[in-house]
Structure formats: C-alpha cells, structure tokens
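1. got a predicted model here, sequence first, then my questions.
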Amino acid sequence: MAEREALFGTDLRLLPDLGLRHSDRDGGHDLTTIHRPPRDGRDLDTVTGSDNLIQALVLRLLTPVGELAPLGHPDYGSRLSELVGERNTETTRNRAKLFVLQALQAEPRVERVLSARVVQADRSQIDIHVTLLAIEGVTPLNLVVPFSLAGGPGP
C-alpha cells in the first residue's frame with residue numbers, strides 16, 4: 001500500500017465523495033476539512049494513493065481543455081464542456097466517450113483504459129463509467145463521473 005501511496009502521491013481533498021453518485025464539485029467549496037483531536041480543531045483533509053489518482057482523473061474530466069493554460073498547462077482537461085447545450089442523444093454520448101478517452105490518454109498515470117461507457121442518466125445528464133488500469137497496477141480502478149449537458153453541476 002505504501003508503494004501506491006508513493007506512486008500516486010498525496011494531495012488536498014477537493015471532492016468529498018470520490019464515489020460521485022452525484023456531482024459534488026460545488027463552487028466555493030473546493031477544499032474539505034476534517035476534525036483533528038485532541039484540540040477540537042479542523043484541518044485540511046488529504047487524499048492519498050489510488051484515491052488521489054481517482055480525484056485527479058475526475059478533475060481532469062470536469063475541467064475544460066485550456067482552462068489552465070495561464071498556469072502553464074494548455075492541454076490539461078477534457079473537451080466534455082463542448083457538449084453543454086447538446087441534446088442527450090447517442091451521438092452526443094459517443095462524442096463524450098471519445099472526449100473521455102482522449103483526456104485519459106493524456107494522463108501519464110493511466111496505463112490502459114479497460115472500458116468506457118457513457119449512459120443517459122436523465123434528460124440532461126450522462127454518467128461516464130470508466131474502468132482502467134493505473135501504471136504498475138494489478139487491480140482495476142472504477143470511476144463514475146456524472147456530467148450535466150445543461151451546464152453547471154449535475155443533480
């Protein structure tokens with residue numbers, strides 16, 4: 001376990017629920033905190049190892065390409081934002097799958113995508129289901145990322 005923690009590192013927890021059955025990337029609440037005994041204080045929470053990789057992948061998928069260009073990362077993100085305003089059709093879901101695969105291909109910690117499915121969750125939301133193998137990984141990682149075609153956070 002320590003090897004995976006070292007491989008994928010530690011970062012601040014930005015997503016309270018990595019299971020993401022709903023979109024919890026709520027503006028203005030980008031950092032989570034935890035209770036730190038014995039002084040009854042609060043501190044910033046961290047995410048480590050495979051959970052850090054999952055958080056990084058979700059954030060990559062939800063960040064429009066070019067948004068971090070001023071910070072020196074012009075290719076970071078995905079093209080999913082291009083689908084906002086589109087109807088939830090098979091063509092739109094196929095484009096979403098393509099954009100997801102392109103974004104994951106750019107992530108150096110992903111060795112191979114085992115499966116990627118985009119399904120209609122409701123009239124204006126798609127759910128992106130990905131199973132992948134991380135570098136030096138033997139156990140596949142699963143993520144489900146909701147994406148609203150109406151814009152803004154999902155339900």
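-> Great, that's in hand. As the structure is a prediction and not an experimental result, all values here were calculated from the model.

2. S124 - how many residues pack around it?
-> 18 (other CB atoms under 10 Å). For the C-beta atoms, the positions are set from N, CA and C on the backbone; glycine is no exception.

3. looking at it, it is touching S148, isn't it?
-> Yes - the criterion here is CB atoms under 8 Å, and S124 meets it with S148 at 6.1 Å.

4. spit out the contact partners of A96.
-> Contacts for A96 were tallied using CB atoms under 8 Å, 6 or more residues apart in numbering; they are 80, 83, 118, 126, 128, 147.

5. the residues you listed: which two are farthest apart?
-> Pairwise distances across these (CB to CB) peak at 11.1 Å, for the pair L83 and I128.

6. which residues are common contacts for those two?
-> 96, 147.

7. counting neighbours, go ahead and name the busier of the two.
-> Ranked by neighbour count (other CB under 10 Å), L83 and I128 place I128 first, with 24 against 20.

8. before we move on, which element is the more buried one in?
-> strand 125-134 (DSSP states H and E).

9. let me see the backbone angles for the nearest residue to I128 once chain neighbours are set aside.
-> Closest residue to I128 apart from its sequence neighbours, by CB to CB, 6 or more residues apart in numbering: V145 at 4.4 Å. For V145, the backbone dihedrals (degrees, to the nearest 10) come out as phi -120, psi 110.

10. next, the contact list for V145, please.
-> 20, 58, 61-62, 127-128, 130.

11. quick one, what contacts R60?
-> Contacts of R60 (CB under 8 Å, 6+ apart): 76-78, 103-104, 106-107.

12. same thing but at 10 Å, please
-> Counting by CB atoms under 10 Å, 6 or more residues apart in numbering, R60 makes contact with 76-78, 100, 103-104, 106-107, 110, 145.

13. for it, give its distance to V138.
-> Remark: distance between R60 and V138 (CB to CB, to the nearest Å) = 23 Å.

14. just V118 next, same as before
-> 26 Å.

15. who has more neighbours, those two?
-> Using other CB under 10 Å, the more surrounded residue of V118 and V138 is V118, with 23 against 6.
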